[in-house]
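Colleague: Structure of the sequence below:
(one chain, ligands or ions: 1)
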Amino acid sequence: MIKASSNAAGLPFLPANLLGGLLCLHRSQSKSGSMATTTMEPESAAETSVPQAKTITLAECQGHMSDKDCWLVVDGKVYDVTPFLDEHPGGFDTLVSNSGKDATEDFDEIGHSRAAKEMLAKYYIGDYAGGASRKASKAAPAVSGAEAASSTLSSLLKALLPILIVLAAVYYLQLTQQAKAAA
Ligand code: HEM
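Modeller: Below you'll find the predicted structure:
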């Protein structure tokens, strides 16, 4: 049985301690979650840097936005589609107008065939420094089990918090009534 203690103002410590403990637990969980991410980063960077892909920034891509020199980004990768401009069944202008930016959304919206997706490899020149594009960033949370577990715990605590506050209030009222009855 857990006993409640009182401070100088006669307030019971138990609910506050209970809540405080839970909040600390929550905080330490989030901290360990972020620590895990930072400590794991160099490892995964080392793993991915083995093939030594060139990283290309958005600014670099923006220097290649003409019908003579055309770079675009699809799914976190940069493609120099200059030799393909005249062959593109969707027209060279669609490629030029999608150059110098992340064209993933437009590329996907067209519903390009598997053959078209396989053609991409022919024009690959490096990885996009702007980070994973829409498709890649959607897939990322699914593979991170630790992050998913941490967010589940976080939402569980958020759901429990109002209940704990109500319980603490009821408990406090009971104690004050008992104190009044005893007086
Ligand atoms: C490097 C990137 C790209 C490659 C290799 C590529 C390749 C192709 C190929 C092979 C087709 C023929 C249809 C198919 O097989 O799906 C096609 C059609 C098409 N593409 Fe692309 N494409 C690229 C980027 C883009 C982008 C960024 C757009 C922007 C909207 C675009 C718009 C279109 C359109 C409108 C068609 C015609 C679809 C139709 O007539 O039904 N493409 N593309």
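Colleague: Nearest residue to Lys68 in space, please, no chain neighbours.
Modeller: Nearest in space to Lys68, with sequence neighbours left out and distances taken as CB to CB, 6 or more residues apart in numbering, is Thr82 at 7.0 Å. Heads up, the C-betas are built off the backbone N, CA and C, glycines and all.
Colleague: do Asp69 as well
Modeller: Thr82 (5.6 Å).
Colleague: Report pLDDT for Phe107.
Modeller: Per-residue pLDDT puts Phe107 at 96.
Colleague: Make sure it is actually in contact with Val74.
Modeller: Yes. Counting by CB atoms under 8 Å, Val74 is a contact partner of Phe107 at 4.9 Å.
Colleague: ok, the closest residue to Asp102 other than its chain neighbours - contacts?
Modeller: Of all residues not flanking Asp102 in the chain, Val73 sits nearest, at 4.4 Å (CB to CB, 6+ apart). By CB atoms under 8 Å, 6 or more residues apart in numbering, Val73 lies in contact with 58, 61, 79, 101-104, 128, 130, 133.
Colleague: buried stuff in the strand or helix carrying Leu120?
Modeller: Element membership of Leu120, judged by DSSP states H and E, is helix 114-123. Using 16 or more other CB atoms under 10 Å as the test for burial, helix 114-123 gives 119-120, 123.
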